[in-house]
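In: okay, sequence plus prediction incoming.
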Amino acid sequence: NAGVTQTPKFQVLKTGQSMTLQCAQDMNHNSMYWYRQDPGMGLRLIYYSASEGTTDKGEVPNGYNVSRLNKREFSLRLESAAPSQTSVYFCASRTLLGDTQYFGPGTRLTVL
Amino acid sequence: DAKTTQPTSMDCAEGRAANLPCNHSTISGNEYVYWYRQIHSQGPQYIIHGLKNNETNEMASLIITEDRKSSTLILPHATLRDTAVYYCIVRGVTGANNLFFGTGTRLTVIP
């Protein structure tokens, strides 16, 4: 039982490049979340998916798109990366009636 | 969701109890108090949560005042591995259920 996994762990992009961050959970959770964390700050919600087939914007969705591929996987795409998107990205999941979120180890993204 | 206020940083001697306070004076009746921590560079980790009664688990105790406007997380015997940023979060049970992370309290456990 790996919990929440994220790939890649590290990535460096040039401005304008695109990439997809992958997240998967093996806990049969319904809800999944993407957060970003800038240095010295708390996490901010980018997008979430309450259940398979649904996605909704969070606090800071601009510049990102998401796909809830199936119940297990929730990906985050940067179509045209900008230096302001340099951050650590965390994926999380939660059961339908559960109270706690379980976080992945994070992806450290640098955009030059 | 209600906002929370926490001290920016605290120190605690190894082996002693760490008491981390949190103010949430605008909490509403159906909102829970959650505590998470984030050890350097890792994903946040759930610690404990409660509504109005005091709660205890294998990691910590949560004391919520009777008026629910503040709470205290207690780590009974702090170890060096408890050095982390601790987030107090107030969340309702409807909506996105995302967690609003403020800047938290940076706890340093000193040998």
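Out: Done, it's in.

In: host element of the nearest residue to A:Gln25 once chain neighbours are set aside?
Out: Residue nearest to A:Gln25 in three dimensions, not counting chain neighbours: A:Ser93, with 4.2 Å by CB to CB, 6 or more residues apart in numbering or on different chains. Backbone N, C-alpha and C define where each C-beta goes, glycine included. Using DSSP states H and E, A:Ser93 falls within strand A:87-94.

In: now that strand: average pLDDT?
Out: When pLDDT is averaged over strand A:87-94, the result is 96.

In: next: stretch B:65-84.
Out: 96.

In: one more: stretch B:99-111?
Out: Averaged over stretch B:99-111, pLDDT sits at 90.

In: show me the contact partners of it.
Out: A:35, A:37, A:40-45, A:101, B:1, B:3-4, B:6-14, B:18, B:20, B:34, B:36, B:38, B:44, B:78-89, B:91 (CB atoms under 8 Å, 6 or more residues apart in numbering or on different chains).

In: what does chain A put close to chain B?
Out: By CB under 8 Å from any CB of the partner chain, the residues of chain A that approach chain B are A:4, A:31, A:33, A:35, A:37, A:40-45, A:48, A:50, A:56, A:58, A:88, A:90, A:92, A:94, A:99-106.

In: do that again at 6 Å, thanks
Out: Along chain A, the residues adjacent to chain B under the rule CB under 6 Å from any CB of the partner chain are A:33, A:42-43, A:45, A:48, A:90, A:99-100, A:103-106.

In: just the ones of these in strands?
Out: A:33, A:43, A:45, A:48, A:90, A:103 (DSSP state E).

In: of the residues you listed, which is the nearest to chain B?
Out: A:Phe103 (3.2 Å; CB to the nearest CB).

In: the helices in chain A, which residues?
Out: For chain A, no helices are identified by DSSP state H.
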